[in-house]
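Colleague: Sharing a sequence plus its predicted fold:
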Amino acid sequence: MWEDEIVEEIHHIREAYAKSFNYDLRAIFLDLQKKQNSSGHKVVTLQPKLRSNKLLEGTKS
């Protein structure tokens, strides 16, 4: 089976990052939030897009 070296490297980096926080999702979230806040980049919140139910209406009997 063919393996992508870049994907494998990303998996190793992600595993090491999670392990450094003892796989604690809250700690990982807080760290990422801290990095985001200190990045200096503007953070925006977009409104959710309204989805049409046309696909669902066509399946009703």
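Modeller: Structure received.

Colleague: Would you mind pulling the contact partners of whichever strand or helix holds I6?
Modeller: Using DSSP states H and E, I6 falls within helix 5-20. Residues from elsewhere that reach helix 5-20 (Cβ atoms under 8 Å, 6 or more residues apart in numbering): I28. Any C-beta I mention is one placed from the backbone N, CA and C, and that applies to glycine too.

Colleague: For it, output the C-alpha coordinates as PDB.
Modeller: Provided in PDB are the C-alpha atoms of helix 5-20 (Å, rounded to 0.1, in the frame of the first residue of the first chain):
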ATOM      1  CA  GLU A   5       5.300  10.900   3.700                       C
ATOM      2  CA  ILE A   6       3.700  14.300   4.300                       C
ATOM      3  CA  VAL A   7       0.500  12.800   5.700                       C
ATOM      4  CA  GLU A   8       2.500  10.400   7.900                       C
ATOM      5  CA  GLU A   9       4.500  13.400   9.200                       C
ATOM      6  CA  ILE A  10       1.400  15.300  10.000                       C
ATOM      7  CA  HIS A  11       0.000  12.300  11.900                       C
ATOM      8  CA  HIS A  12       3.200  12.100  14.000                       C
ATOM      9  CA  ILE A  13       3.100  15.800  14.800                       C
ATOM     10  CA  ARG A  14      -0.500  15.600  15.700                       C
ATOM     11  CA  GLU A  15       0.100  12.600  18.000                       C
ATOM     12  CA  ALA A  16       3.000  14.300  19.700                       C
ATOM     13  CA  TYR A  17       1.000  17.500  20.200                       C
ATOM     14  CA  ALA A  18      -1.900  15.500  21.800                       C
ATOM     15  CA  LYS A  19       0.400  13.500  23.900                       C
ATOM     16  CA  SER A  20       2.100  16.600  25.200                       C
END
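
Colleague: Work out the gap between that helix and the centre of the chain.
Modeller: 14 Å (Cα atoms, centre = their mean, to the nearest Å).

Colleague: ok, and the closest non-adjacent residue to I28?
Modeller: F21 (5.0 Å; Cβ to Cβ, 6 or more residues apart in numbering).

Colleague: Any figure for the gap between that neighbour and H11?
Modeller: Here F21 is placed at a distance of 17 Å from H11 (Cβ to Cβ, to the nearest Å).
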